[in-house]
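[1] After the sequence you'll find the predicted model.
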Amino acid sequence: MCNSNEHNDIELLRFTTAGSVDDGKSTLIGRLLYDSKLIFEDQFESIKRASLKRGEHEVNLALLTDGLRAEREQGITIDVAYRYFSTPNRKFIIADTPGHIQYTRNMVTGASTANLAIVLVDARKGILEQTKRHAFIASLLKIPHLILCINKMDLVDYSQAIFKQIKNDFTDFSAKLEIHDIRFIPVSALHGDNVVDASTLMPWYKGPTLLYLLENIHIGSDHNLIDCRFPIQYVIRPESHEHHDYRGYAGMVAGGVFKTGDEVMILPSKLKTTIKTMEKAGEKVEKAFPPMSVSITLSDDIDISRGDMIVRENNSPDISQNIEVMLCWMNEKLLKNGGTYIIKHTTKEVKCIVKEIRYKIDINTLHRIESDKNIGLNEFARIFIKTAKPLFFDKYKLNRITGSLIFIDPSTNETLGAGMII
Amino acid sequence: MNTYRMLHIDELESEAIFVIREVASLFENPVLLFSGGKDSLVMLHLAMKAFAPAKLPFPILHIDTGHNFPETLLFRDALVSEYKLNLIVGSVQKSIDDGRVSEENGVYASRNNLQTVTLLDTLAAYKFDAAMGGGRRDEEKARAKERFFSHRDEFGQWDPKNQRPELWHLFNHKKTLGEHFRVFPLSNWTELDIWEYIKIKNIIVPSLYFSHQRICFKRDGVLLAKSEFVPLKPGEIPQLMQIRFRTIGDMTCTGAIVSQAHSVDDVINEILSMKVTERGTRFDDKRSDSAMEDRKKEGYF
């Protein structure tokens, strides 16, 4: 554990883990927490009791991550669970998600905010359909870093040949993916090899342990720092004597670096002005970049409201009502061609109509299925939508904030799907 | 380190402020739940910063069980007058007097469960459509499954198996009349993050969080403060101890820890070497392994 002075100046890494019932995902997380001494005594006692109750002789570290009663009873992870731990070097948020195909929507949810994905492979089984599915989801959601943990090395005699074979297989397959940073680690989550401590049983592996990689992987350039985007979230108007004409435009920077004195343009009016001041949590700042929440004052008095966007004149996002989207559908009710939905995109909320379902994607192979346009729960499709008002957006691969949207059912209010703008 | 990289505590602050501003934008009549505990003090600090230099655009709501530590109430009232806050108090005593709930009996009696009714009644009486709380996912295993925007049906109930997926920072705030939302801007904070933020921002917290002398006794492994609200069982012998509280709730359910932590720095160092979780000192969570999940389904904080 770390001392308090150091803890203040460390970065945050959000990562997701996907895995199925048997591939040891929960054991791996349990091991990560246990070996870095981040399991508390009362938690340990509680899972010890639960393990005994289930008739298991050893403490089942997997039980640490299952939060709801139904999950503990059935021994499965149903919903995304968020876990927290920190080391002297970084603070981590784990989005722990179930791996079975019926929980694809939970994996997508966990992936949406992650900088890094851990995908688990059983060394005895090699690359399976579900490994590919997990990697595809990471790729579609544009998670910048992927670590393939080849687990259960203890059950294949810590064989270098098997590790190499799986690594080669995955490297061939990953040519289809849009993930540029892929790492491979041979581990045994059960015994702790290469999780926190380096394995003495795999001297042929010279690379870092999982924890070392999580602590040191470079995440400094994961946000878009080029294209300036500031969706207006809330207008601060004190209407007090002291701050009579004050208008603070509050929001979270979605892209680029804003500086005081910068010339900026407001969308949709396209009026130009300059940034007068910026405040972060009540303190003046000179620069603002993602994902910083700030409040901006401008030199000119312009009518601006929630849903508008501050950008640079020579670098505008796309402005259109006709948008092509890669969709992950998350509801039992089928996506309706011609159907009307509510969309939330940055700080805007608009209605949309589904104009065309181009094709479904087989999430296990990434093949297009042009003949089947019934898009149901946990299925991916490429579609065209038309919105009631123009959106200001970027391609998802350029900006995960201005390129993402959700679909809401106007009658039941349920969240039906997640869209990534192509 | 990259110039354009945020430190973790700044990123958490930014995220929380974003969520608080979303609530102010999306709901007609939001309220901030306030207990006088450290998490709600951090929430209040963030909310005031989120709208500065304007005033807080919503009231704060305290559910008073009548079994509070006197220190908590004095602290609350001083804060309200200093920052001219609009405070609403929902009283569990009044819920009892009105016959909405009945007092538990016996040495284990607590008003912890009763306050859910008072909370829901107060939310309904003022027509609040969103209640922000200081709940954190690291506190408890059922809370680890909680959304930032947590939908409650017209009975105020939480349905953990039927939650809306929550993607990116696009929060679905849609509801029908009579339903409401609980919103948890501090979802991603840990106990340590809270204390580090308290340190960095010089946030004043009640003296109960620091080492002091108090007459306590041990019950089922938890150190409880001796008070008029907790009858003693035979064999329970109160004695003067040097303690502090790690969480602050009712006197009937908040356990103390033996501690020499006199300052925020001491507390941070103590947490770093701590071997049990924060809720390990809470009597209300010991009722069963899914005590929190069960209470939350009913509409608890």
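    It's in. Quantities reported herein were computed from a predicted structural model and do not represent experimental measurements. Numbering: from 1, shown residues only, chains lettered A, B, ... in the order given.

[2] got the residue ranges for the helices in the stretch 151-300 of chain B?
    B:191-200, B:264-272, B:291-298 (DSSP state H, counting those that start in this stretch).

[3] Now render these as TSV, adding distance to A:Pro231, mean pLDDT and mean neighbour count.
    Bear in mind the C-beta positions are built from the backbone N, C-alpha and C, glycine included. Below are those laid out as TSV (distance: least, C-beta to C-beta, whole Å; pLDDT from 0 to 100; neighbours: other C-beta atoms under 10 Å in any protein chain shown):
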stretch	distance to A:Pro231	mean pLDDT	mean neighbour count
helix B:191-200	26	93	21
helix B:264-272	36	89	18
helix B:291-298	32	70	19
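
[4] does A:Ala138 really touch A:Val119, like I thought?
    Yes: using C-beta atoms under 8 Å, A:Ala138 makes contact with A:Val119 at a distance of 7.0 Å.

[5] got any residues that touch both of those two?
    Listed contacts common to A:Ala138 and A:Val119 are A:Ala18, A:Leu146; contacts here mean C-beta atoms under 8 Å, 6 or more residues apart in numbering or on different chains.

[6] tell me the domain ranges of the chain?
    Unless you meant another one, I'm taking chain A. Domain ranges of chain A: A:4-216, A:230-311, A:318-421, per automatic domain parsing.

[7] Please refer instead to chain B.
    With automatic domain parsing as the reference, chain B has domains B:8-194+B:290-298, B:206-286.

[8] Now distance to chain A too, for those domains, in a markdown table please.
    Below are the domains of chain B laid out as a markdown table (distance: least, C-beta to the nearest C-beta, whole Å):
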| stretch | distance to chain A |
| --- | --- |
| domain B:8-194+B:290-298 | 4 |
| domain B:206-286 | 4 |
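
[9] and residue 204, what is it in contact with?
    No chain specified, so I'll use chain A. A:Gln160.

[10] that's the wrong chain, I wanted chain B
    B:Leu41.

[11] State the pLDDT value of it.
    B:Ile204 carries a pLDDT value of 92.

[12] For A:Gly207, give me phi and psi.
    phi -80, psi -180 (degrees, to the nearest 10).

[13] in chain B, which helix or strand is least confident?
    Lowest mean confidence among the helices and strands of chain B (mean pLDDT, DSSP states H and E): helix B:291-298, at a mean of 70.

[14] most remote residue from chain A's center?
    Centroid-distance maximum for chain A: A:His241 at 44.2 Å, with C-alpha atoms, centre = their mean.

[15] so where do the strands sit in chain B?
    B:30-33, B:60-64, B:87-91, B:130-132, B:149-152, B:180-183, B:212-219, B:222-225, B:239-245, B:255-258 (DSSP state E).

[16] oh, I was asking about the stretch 1-150 of chain A
    Under the criterion DSSP state E, counting those that start in this stretch, the stretch 1-150 of chain A contains strands at A:11-19, A:81-86, A:90-98, A:116-122, A:145-151.

[17] what angle separates the top helix by length along chain B from helix B:191-200?
    Using DSSP state H, we find that the single longest helix of chain B is helix B:8-26. Put simply, helix B:8-26 runs at 90 degrees to helix B:191-200, going by axes from the mean of the first three to the mean of the last three C-alpha atoms, to 10 degrees.

[18] just the angle between helix B:8-26 and strand A:81-86, please?
    With the same axes, to 10 degrees applied, the angle from helix B:8-26 to strand A:81-86 works out at 150 degrees.

[19] which secondary structure elements does helix B:8-26 contact?
    Identification of packing neighbours for helix B:8-26 by 3 or more C-beta pairs under 8 Å, 6 or more residues apart in numbering or on different chains; DSSP states H and E yields strand A:11-19, strand A:234-236, strand A:248-252, strand A:293-298, helix B:38-51, strand B:130-132, helix B:191-200.

[20] Point out where the chain drops to low pLDDT.
    Picked chain A for this. Counting by pLDDT under 70, the ranges of chain A that qualify are A:1-8, A:20-22, A:37-43, A:56-78.

[21] I was after chain B.
    Using pLDDT under 70, chain B drops low at B:1-2, B:275-292, B:296.

[22] circling back to that earlier point, and the longest helix of chain B, what's buried?
    The neighbour-count check on helix B:8-26 (16 or more other C-beta atoms under 10 Å in any protein chain shown) flags B:8-26 as buried.

[23] Relative to B:Thr65, tell me which of the domains of chain A wins on proximity.
    Evaluated over the domains of chain A, closeness to B:Thr65 peaks at domain A:4-216, with 24.8 Å, by C-beta to C-beta.
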